[in-house]
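Chemist: Need coordinates for the below:
(one chain, ligands or ions: 1)
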Amino acid sequence: MPDRSRKIAVMGYQSVGKSTLCIQFVEGHFVDNYDPTIENTFHKNLRVRGEDYTLELVDTAGQDEYSSFPAQYSMGIHGYVLVYSITNDKSFQVVQNLYSKLLDMIGKVTVPVVLVGNKTDLQKERVVSLEEGKRVADSWGAIFIETTAKRRDIVSDVFTKAVLEIEKSEGSLPADNKCSIS
Ligand SMILES: Nc1nc2c(ncn2[C@@H]2O[C@H](COP(=O)(O)OP(=O)(O)OP(=O)(O)O)[C@@H](O)[C@H]2O)c(=O)[nH]1
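Modeler: So this is what the prediction gives:
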C-alpha cells in the first residue's frame, strides 16, 4: 500500500489563528482564547478523492518580519498552509516574506502552498482585500482561501486543498486543479 502520510506546516505572523485553524480542523470547535504557540503537532486522518491520508500538522510559533525561515520547516514537510489575518496588514506582509524566504531556503521555484486569509467574520476590521490576497496567491501559483476559523467546512477545505496541492506537485494530479473559495 502506498504511504499516504503527509506533513503540513502551518505558518504565519503571531495571533493570525494558526492554532485555532488546526484545532477547528482536528477537533471541530472554535477556541476563543489566545495562548501563544511554541510548536504543536496534530494528527488527523482525512479522505481525499477516495484515498485515506494521515496528516501531521505542525502548528508553528508566530513569525515576524525579522525572523529567518526556521530550518526545521524546510525539510521533511510536504506542503505549507501560510496564514494571515484579513484584519492585519502586517500579517499579510509577513506571509509574503515567509514565502520568499521559504523558496530561498529550499532552493525551489514552487512549493505546495495554500494561502489563507483568516478572520473573515471580522469584516468591519478588514484591511486586506480579497483581491490583494488572490493576487499574491496567483503570483505564487498557490491556492487561495479566505475563511474564519469558526467555519469548520471551509477550514476542512483548506487542508483538503493542501493535500491536493501536494499530490499535484508529486505528479499524482492534473495541474489545473486550482480554485478559490471565499
Ligand atoms: N474572530 C476571530 N478570531 C479568531 C479567528 N481565528 C483565530 N481567532 C482568535 O485569534 C486569537 C489568536 O489565535 P491563535 O490561533 O492562537 O493564533 P496563532 O496564529 O496560533 O498565534 P501564535 O501562537 O502567537 O503564532 C485567539 O483569540 C483566537 O480565538 C477567526 O477566524 N475569527
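Chemist: Which strand or helix spans N40?
Modeler: Here N40 sits within strand 39-48, counting by DSSP states H and E.
Chemist: Quickly run through the sheet partners of that strand, with directions.
Modeler: strand 51-60 (antiparallel) (DSSP bridges).
Chemist: quick one: contacts of the strand it pairs with?
Modeler: 4-11, 18-19, 22, 25-26, 37, 39-47, 70, 73, 77, 159, 163 (C-beta atoms under 8 Å, 6 or more residues apart in numbering). For every residue, glycine as well, the C-beta is placed using N, CA and C.
Chemist: Report the buried members of those.
Modeler: Using 16 or more other C-beta atoms under 10 Å as the burial test, the contacts of strand 51-60 include 6-11, 18-19, 22, 25-26, 37, 42, 46, 70, 73, 77, 159, 163 as buried.
Chemist: filter the residues you listed by proximity to the ligand?
Modeler: K18, S19, T37 (C-beta under 6 Å from any ligand atom).
Chemist: Close to the ligand: what parts of this protein are there?
Modeler: 14-20, 31-34, 36-37, 61-62, 118-119, 121-122, 148-150.
Chemist: and those residues, which are buried?
Modeler: 14-20, 37, 62, 118-119, 148-150.
Chemist: E167: which of these is nearest?
Modeler: K18 (23.0 Å; C-beta to C-beta).
Chemist: who's the closest residue in space to the closest one that isn't next to it in sequence bridged to?
Modeler: Nearest non-adjacent residue to K18, counting by C-beta to C-beta, 6 or more residues apart in numbering: V10, 4.7 Å away. As for beta bridges, V10 partners with D59, V81 under DSSP bridges.
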